[in-house]
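In: For reference, the sequence and a predicted model appear below.
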Amino acid sequence: MSEMKSLEEALTATYDNLDRLSPRDISAFWAVVPKFLGGKGPMRTNQQLQQQMFHQFDKISTKSIQDIEQYGYRELATLAISLAKIIDKISKRERPVKGSPLQILQDILIGNESKIKQYIFREIASSSVPILHEFEPRHLSNFIYAFGLAEDVVLVEDGSTFFDMLAKQVISFNNMDEFKPQELSNISWAYANVKVSNSQLFKKIGDHIVTMNNLNEFWPQELSNILWAFATAEEKHPKLFKRLADQIIGLDNLHNFKPQELSNTIWSFATAGESHPILFKKMADHIVQLPNINEFWPQALKDLVWAYATAEESHPQLFRKIADRIISLDSLDEFWPQTLSNTVWAFATASESHPNLFKKLAEEAIKRQHDFKPQELANFLWAHATNGQVDEHLFSSLVPSVLANLDKYNAQSLINVAWAYSVANVNASSVFNNDFINACLIRKKENDFIEEDFRQLHQWQLWQEEIKSDISLPPPLKKKCYEAFISRIPEPSKFQDDVISILSSMDLQPQEEVLMKSGYRIDAVVDVNGKQIAVEVDGPSHFIGRSRELTGSTILKHRQVVGLDGMPVVAIPYWEWDKLKDRKKKEQYLRHSLGLIKATSID
């Protein structure tokens, strides 16, 4: 079979000699089929030739299953992995060219609602049970990988799965050294891919890898797949993650890691909640130094920023490089709504500013808003508001979709949407009406709200007062929200103490941590020429990363204190204060900010 130069040649030779071929010969035929399925496959314009090919494939596949009990473990493993690879290739194409080998094999091996595929793999599983103990590590790992790749979970009579039987067989090996790195990787990946975990199996694999003398035989794909499998299967093994991280860090460079392997590795650590700052920095530095990141698919780009944001590992250069890459794309058609949503969520969570990125993704979201799931839409709006990107066109345009999903939002999404519109200050009366109040009451009865939800809901109520709406929360809920909002204990910073000290030396007698009628606490209130002024000491947390753009929370606070409490706000940005090296310049700065003196240079 290895000498065949085309699919037609292999197909005809196998069909013509079908009655004389052994199980090994037939499994060898299926093994060569995947390599001939590259691209879209040849067009078959002649209907007679199409029918001939269908007939040949059908007869061979029927014969393969009819004789399945005659197969030894080697032939079973070869047949299973070959069919799985073929099915995988077919499944990755939504509409194979009519009359092509892909389309014919789709009908023969998968069938309507995958019923044929399920039948084939049930037969393979059943025939393997009596000889499962004969499988050698290489064939066993290929066999497991085949079922994972085909995404077929065969159920057995006792309610367990065939994967449980396979796991017992792997565990039965006393010496795990018989399994090569790729085989360990394939086994782990298969279980995670079909979402069937087996803690005993994962523990045995993890413990074995941890105790290996060295991991130099593990290729990047194997390292990343193992990490991905443990994270996806939610199997905790801190020692394994540390050992693999140390292995990667010890490499001279990461040039052998493909884009998907880089993103999968970082995603795995973030998903598993395993911290390793040195690894995160090494990988980010490597990606930043690449000439370009054109080979990174949208999913990989999204996974990277999501992972760094989730793990709270800061790397502004990486975020900037990824943002610039996305902006440079002519089209975002390959970005799923979830990818768009998770990307802006990551930038907002990591407090990374990139207005042009947010603008581009906003334009795409407006065009495809009806494709967003409720949580994706809520996260998208929350991220824009959090980063202070309050594009009126975006929030106005998404009102119909927000309204359509009002009864579908979970508690957090419902409050995030309300808070986002409060920050954006874009009226959406069709959304925020009695139906919204009822949705809140339902969530409250179900005890879905957490303390932060009540605080954000209070800010939404303040917004309704700002826009002079007649919509109001019921008094008991309104009170609960207010009490949650004012319950935060003030934590003055050294920066704030320094400003208060200067204000005191100016005989302005500042009042500290003043609780306003709105519920906001002001860092200091001073009386200037008979007029009270709120002094807000805005440290780094009030800005997006290292930029000078205010966060949505700070924008909302300043606006509502001015609009509802009727008090002007003087904000003291930390970077301006840090430039003032002596007390005299700081006092001069405050006098100017409060209108006590005319503008002069204080540098």
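Out: Yep, it's here. Residues are numbered from 1 along each chain as shown.
In: Would you state the strands of the stretch 401-550 of the chain in chain order?
Out: Secondary structure of the stretch 401-550 of the chain (DSSP state E, counting those that start in this stretch): strands at 511-515, 521-528, 531-538.
In: quick one: contacts for Thr310?
Out: Taking C-beta atoms under 8 Å, 6 or more residues apart in numbering, we find Thr310 in contact with 270-271, 346, 349. C-betas here are computed from N, CA, C, even on glycine.
In: Please apply the same query to Trp189.
Out: Contact analysis of Trp189 by C-beta under 8 Å, 6+ apart lists 145, 148, 225-226, 228-229.
In: quick revisit: out of the strands of the stretch 401-550 of the chain, nearest to Ser331?
Out: Nearest to Ser331, of all the strands of the stretch 401-550 of the chain, is strand 531-538, at 39.0 Å by C-beta to C-beta.
In: partner strands of that closest one, parallel or antiparallel?
Out: Strand pairing for strand 531-538, using DSSP bridges, gives strand 521-528 (antiparallel), strand 569-573 (parallel).
In: want to try a markdown table for the ones you listed, with distance to Asn112 and mean pLDDT as columns?
Out: Listed next are the strands paired with strand 531-538 as a markdown table, based on distance: least, C-beta to C-beta, whole Å; pLDDT from 0 to 100:
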| stretch | distance to Asn112 | mean pLDDT |
| --- | --- | --- |
| strand 521-528 | 64 | 96 |
| strand 569-573 | 64 | 96 |
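In: okay, the ones you listed in JSON lines with distance to Glu113 and mean neighbour count next?
Out: Shown next, in JSON lines, are the strands paired with strand 531-538 (distance: least, C-beta to C-beta, whole Å; neighbours: other C-beta atoms under 10 Å):
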{"stretch": "strand 521-528", "distance to Glu113": "60", "mean neighbour count": "19"}
{"stretch": "strand 569-573", "distance to Glu113": "61", "mean neighbour count": "17"}
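In: for the ones you listed, which one sits closest to Pro492?
Out: Checking the strands paired with strand 531-538 against Pro492 by C-beta to C-beta gives strand 521-528 as the closest, at 7.6 Å.
In: how about low-confidence regions in the stretch 351-500 of the chain?
Out: For the stretch 351-500 of the chain, the stretches with pLDDT under 70 are 446.
In: again, 80 this time
Out: 444-447 (pLDDT under 80).
In: quick one, helices of it?
Out: Assigned helices in the stretch 351-500 of the chain, in chain order: 355-367, 374-386, 392-397, 399-404, 411-424, 434-445, 451-466, 475-486, 494-505 (criterion: DSSP state H, counting those that start in this stretch).
In: For the chain, give me the ranges with low pLDDT.
Out: In the chain (pLDDT under 80), the answer is 1-5, 38-48, 92-99, 157-158, 444-447, 598-603.
In: Quick check: Pro374 touching Gln412?
Out: No: counting by C-beta atoms under 8 Å, Pro374 stays clear of Gln412, with 11.0 Å between them.
In: Could you pull out the residues contacting both of those two?
Out: Any residue near both Pro374 and Gln412 by C-beta under 8 Å, 6+ apart counts here, and not one turns up.
In: ok, so of the contacts of Thr310, who is nearest Glu8?
Out: Taking C-beta to C-beta as the measure, Glu8 lies nearest Thr271 of these, at 45.3 Å.
In: burial measure for that closest one, as a count.
Out: Residues near Thr271, counting by other C-beta atoms under 10 Å, number 19.
In: Could you double-check that it sits in contact with Ala231?
Out: Yes: with contacts counted by C-beta under 8 Å, Thr271 reaches Ala231, the gap being 4.2 Å.
In: how near is Glu483 to His458?
Out: Here Glu483 is placed at a distance of 9 Å from His458 (C-beta to C-beta, to the nearest Å).
In: show me where the stretch 51-200 of the chain has helices.
Out: 73-91, 101-105, 115-128, 137-149, 162-171, 181-193, 199-211.
In: circling back to that earlier point, and which of the contacts of Thr310 is nearest Leu76?
Out: Thr271 (34.0 Å).
In: Is Val514 in contact with Tyr520, as I believe?
Out: No: the pair Val514 / Tyr520 is not scored as a contact, 9.0 Å apart, by C-beta under 8 Å.
In: of the two, who's got more company?
Out: With neighbours defined as other C-beta under 10 Å, Val514 and Tyr520 compare such that Tyr520 has more, 23 against 17.
In: wait, doesn't that one sit right on Gly563?
Out: No: applying C-beta under 8 Å, one finds Tyr520 not in contact with Gly563, separated by 11.4 Å.
In: Distance check, the closest residue to Asn416 other than its chain neighbours against Thr349.
Out: Counting by C-beta to C-beta, 6 or more residues apart in numbering, Asn416 lies nearest to Trp382, which is 4.1 Å off, once chain neighbours are set aside. Distance, Trp382 to Thr349, by C-beta to C-beta: 10 Å.
In: the more surrounded of these two?
Out: Between Trp382 and Thr349, counted using other C-beta under 10 Å, Trp382 has the larger neighbour count: 25 against 20.
In: ok, Phe241 - how many residues close by?
Out: Counted by other C-beta under 10 Å, the residues lying close to Phe241 total 24.
In: so it, which of the three states?
Out: Assigned with DSSP: H, G, I helix; E, B strand; the rest coil, Phe241 falls in the helix class.
In: What about the nearest residue to it once chain neighbours are set aside, how many residues nearby?
Out: The shortest distance from Phe241 to any non-neighbouring residue, by C-beta to C-beta, 6+ apart, is to Glu274 (4.2 Å). Using other C-beta under 10 Å, Glu274 has 21 other residues around it.
In: repeat for Ser487
Out: Ser487 has 11 nearby residues by other C-beta under 10 Å.
In: what separates it from Lys359, distance-wise?
Out: Ser487 sits 37 Å away from Lys359, going by C-beta to C-beta.
In: What of Gly595?
Out: Applying C-beta to C-beta, the value for Gly595 to Lys359 is 35 Å.
In: same thing with Gln182?
Out: In terms of C-beta to C-beta, Gln182 sits 45 Å off from Lys359.
In: How about Lys115?
Out: Distance, Lys115 to Lys359, using C-beta to C-beta: 47 Å.
In: of those two, who's got more company?
Out: Just comparing Lys115 and Lys359: by other C-beta under 10 Å the higher neighbour count belongs to Lys359, 16 against 10.
In: mind listing what the residue lying closest to the more buried one once chain neighbours are set aside touches?
Out: Distances taken as C-beta to C-beta, 6+ apart place Asp391 nearest to Lys359, at 6.9 Å, with adjacent residues excluded. For Asp391, the contact set (C-beta under 8 Å, 6+ apart) comprises 358-359, 362, 384, 424.
In: which pair in those spans the largest distance?
Out: Lys359 and Ala424 (14.2 Å).
In: ok, back up a step: of the contacts of Thr310, which is the nearest to Ala80?
Out: Of all these, Ala80 sits closest to Thr271, with 29.3 Å by C-beta to C-beta.
In: ok, now which ones touch that closest one?
Out: 231-232, 307, 310.
In: and if we set it to 10 Å?
Out: Listed by C-beta atoms under 10 Å, 6 or more residues apart in numbering, the contact set of Thr271 reads 227-228, 230-232, 234, 303, 306-307, 310-311.
In: what secondary structure does it sit in?
Out: helix.
In: And Phe121, how far from Ile60?
Out: To Ile60, Phe121 is 17 Å away according to C-beta to C-beta.
In: no wait, Ile278
Out: 53 Å.
In: Look at those two and report which has more neighbours.
Out: Ile60 (19 against 11).
In: Which secondary structure element is home to the residue lying closest to that one once chain neighbours are set aside?
Out: Distances taken as C-beta to C-beta, 6+ apart place Thr14 nearest to Ile60, at 5.8 Å, with adjacent residues excluded. Element membership of Thr14, judged by DSSP states H and E, is helix 7-16.
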